[in-house]
Each structure stands twice: as structure tokens, then as C-alpha cells.
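>>> here is my input, please return the structure:
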Amino acid sequence: MDGVNEKIFYSLEGRWGITVLPLFDKSSGAGLLPEEWPKKPDIQHCGYAGGLSPDNLNNEIKRISQVATGLIWVDAETLLRSKNDKIFDLEKVRRFLEVAKPWIK
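Alright, predicted model coming up:
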């Protein structure tokens, strides 16, 4: 849900017996933090992405929790990569998971 793909989400919602859950990423995969996280819609759960890293995750989860109650997930890729952007940096991944751990229910 980035301002471009919402039509796809709403066209698939409830079709063919599948459940469609939104992932909010206002950066469209560019790894940029939004000024504001979108409010969680009144659905079972959804995801948040965009600029999340081991260094900012704790603060950003606090910000997300102000607009989202219940179950959510977070997605990270860009800022978990090596400097040359070729591979995942497993040390960054480990740090990201350690920061996320207290938030897991």
C-alpha cells in the first residue's frame, strides 16, 4: 500500500476465498522512512515497511504502535544489505531480530 497498488488490494480483497493483507510501504521499496506511519485499517493484521533498520527499529516500532493496535508485522530489506547492496548482511539481520524480539507476542 504505497499510493499506487491500492486498486490491486481492493480488487483482490475477498475474491476466490483468499485473504489479502496490506503491507504499507510509502517508499515503494526504496528503504525510506515515512514522515508518518499509516493508521492500521480495521482488519486482522497488516505489515509495515520502509526504511526500517537495526538502528531505528525500536523507535519506529514505538511510532507504528501509536497507529496500529493488534497484530502487525514489519518488513525490512534495503537497510539489511551489505554496503555494495549485493547480499544480506547477516550481522545486520541478527541485530534487527534482537531489537524486534521484545515486541514479539
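>>> give me the sheet partners of the one helix or strand Tyr48 maps to and which way each runs.
Using DSSP states H and E, Tyr48 maps to strand 45-49. According to DSSP bridges, strand 45-49 forms sheet pairs with strand 23-24 (parallel), strand 71-75 (parallel).
>>> for the helix or strand following the last one, packing partners?
This means strand 71-75. The helix or strand immediately downstream of strand 71-75 is helix 90-100, counting by DSSP H and E. Packed against helix 90-100 by the contact rule (3 or more Cβ pairs under 8 Å, 6 or more residues apart in numbering; DSSP states H and E) you find helix 57-65. Yep, even glycine has a C-beta here, placed from its N, CA and C like the rest.
>>> about what we covered before: ok, which of the strands paired with strand 45-49 comes nearest Leu12?
Closest approach to Leu12 among the strands paired with strand 45-49 is made by strand 23-24 (13.2 Å; Cβ to Cβ).
>>> and for the closest one, what's in contact with it?
Contact with strand 23-24 is made by Met1, Asp2, Trp37, Pro38, Cys46, Gly47, Tyr48, Ala49, Gly50, Asp75, as judged by Cβ atoms under 8 Å, 6 or more residues apart in numbering.
>>> shaky segments in this structure?
Scanning the chain for pLDDT under 70 picks out the ranges 1-3, 13-14, 17.
>>> let's verify the residue of it most remote from its centre: helix, strand, or coil?
Relative to the centre of the chain, and counting by Cα atoms, centre = their mean, the farthest-placed residue is Trp16 at 25.7 Å. Three-state assignment for Trp16 (DSSP: H, G, I helix; E, B strand; the rest coil): helix.
>>> that one and Glu60: what is the separation?
34 Å (Cβ to Cβ, to the nearest Å).
>>> phi, psi for Val67 please.
Backbone geometry at Val67, expressed as degrees, to the nearest 10, gives phi -120, psi -10.
>>> was I right about it contacting Cys46?
No: applying Cβ atoms under 8 Å, one finds Val67 not in contact with Cys46, separated by 10.7 Å.
>>> identify the contacts common to those two.
The contact lists of Val67 and Cys46 share Lys40, where a contact means Cβ under 8 Å, 6+ apart.
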